[in-house]
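Q: Prediction below, plus the sequence it came from.
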Amino acid sequence: MKIIENKIKFCIKNLKSYEPVLFKGKYKLDANENSYDLPKLIKRKILKKILNIPVNRYPDPEARSLKKILSKKLKVKKDMIFIGNGSDEIIFYLAQSFLEKDDVVIIPVPTFEMYKIISKINAAQVIEIPLTKDFDIDDKNIIKYAKITKAKFIFIAYPNNPTGNCFSKDKILNIIKNTDAIVIIDEAYFEFSEKTFIKYLKKFKNLVILRTFSKAYSIAALRVGYMIANKEIVKILNKIKLPYNANSISQVFAKEVLLNEKYLKDNIKKIISEKEKLYEKIRKKFFVLKSDSNFLFLKVADIKKAKKIFQKNKISVRIFNSGYAKDFIRITIGKKEENRIILNALNKL
Ligand code: PMP
């Protein structure tokens, strides 16, 4: 329809809709969620709290009580925290606040696809810098291109998705120190890696850290993520955020999950130990990367055959047919039984 078409923003015209994998199988190991649902004990506590929420009222626009708990836990000031409807939304707000048409965003690849998609929606130019042969970040090239292009953002997932590893800390510090860009370190899988850049926030004002409740904390359905950054950046995001982006029920879930963290620790431990076992078994036959997250990244000789075998066994994993991760598969660590089924499927390759 021409009447619509000639009005679309130019940067959006050629974009395709993001198509999340629609789950058809029996074993869902494709989105790096926690394979364990939130323990019933915590769900019951939350249900009681939810009964008392006046749902005729708008949520607390500043999510103050959630920020208070986070601030205590992370030992950062409340004004350094920003709550989002998932970390995806925070990436969107960052892009909307800082990116003008044709500004440059640098992304090491392969990585989480939303960095590129959101940058493009906001009319930026994306420069992709491939990882080194050993799947580390190419700090020299990133610094070089950031300087030439006066890049505004450099995104670094730590651990990286889909490769699962944490890049070298020194290389990342080198990037932070040697560019003017805002370096966004996405620690979505922090609770599995236990590696963080939080302590560098004081020293480097161009550093932003993202976290989410969608992975280790088992509440992907509730959509809560947060940013920790210097208060100037938080203030800027507050200018553009939609007033009630974090709904009341999600705020309660996030708070209770933090207050009951000890009940989640067991599941995190189980996932890490299952991952190590699966890794040892898979590496006997395939190239598989050591992982700091809750998923494994491995290479197969025949990706089409792999796809067929996984489909036949009703297992949903992330299969890369093209791009920088071509011929690799990303498998979320499941429960013991699911991991056994994964191994059986891989043994047929
Ligand atoms: N960052 C990374 C690196 C991820 O892998 C994901 C989820 N796949 C996200 C962010 C998105 O998290 P959220 O659910 O908080 O939007």
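A: Noted; the coordinates are in hand. Residues are numbered from 1 along each chain as shown.

Q: The most centrally placed residue in the chain and Tyr158, how far apart?
A: Nearest residue to the geometric centre of the chain (Cα atoms, centre = their mean): Ala188, 4.3 Å. Separation of Ala188 from Tyr158 (Cβ to Cβ, to the nearest Å): 9 Å. Yep, even glycine has a C-beta here, placed from its N, CA and C like the rest.

Q: Show the contacting residues for the residue nearest to the centre of the chain.
A: 87, 112, 157, 161, 210-212, 214-215 (Cβ atoms under 8 Å, 6 or more residues apart in numbering).

Q: hey, where'd the helices end up in this protein?
A: In order along the chain, the chain carries the following helices (DSSP state H): 2-5, 10-13, 40-51, 64-74, 87-98, 114-121, 139-149, 169-177, 190-193, 231-240, 248-259, 261-282, 303-312, 336-347.

Q: out of those helices, which comes closest to Tyr27?
A: Among the helices of the chain, the nearest to Tyr27 by Cβ to Cβ is helix 336-347 (5.0 Å).

Q: in the closest one, what counts as buried?
A: For helix 336-347, the neighbour count (16 or more other Cβ atoms under 10 Å) marks 338-339, 341-342, 345-346 as buried.

Q: by contact count, what packs against it?
A: In terms of contacts (3 or more Cβ pairs under 8 Å, 6 or more residues apart in numbering; DSSP states H and E), helix 336-347 is packed against strand 27-28, helix 261-282, strand 315-316.

Q: Can you name the residues in contact with that helix?
A: Helix 336-347 is touched from outside by 27, 29, 35, 274, 277-278, 281-282, 285-286, 309-310, 313, 315, 317, 331, 333-334, with contacts defined as Cβ under 8 Å, 6+ apart.

Q: So for that helix, mean pLDDT?
A: Taken as a whole, helix 336-347 carries a mean pLDDT of 96.

Q: cool, stretch 160-177 as well?
A: 98.

Q: cool, stretch 149-156 as well?
A: Average pLDDT, stretch 149-156: 98.

Q: hmm, back to that, what subset of the contacts of helix 336-347 is buried?
A: Buried, going by 16+ other Cβ under 10 Å: 27, 29, 35, 274, 278, 281-282, 286, 309-310, 313, 315, 317, 331, 333-334, out of the contacts of helix 336-347.

Q: Any figure for the gap between Lys336 and Lys277?
A: Going from Lys336 to Lys277 by Cβ to Cβ gives 9 Å.
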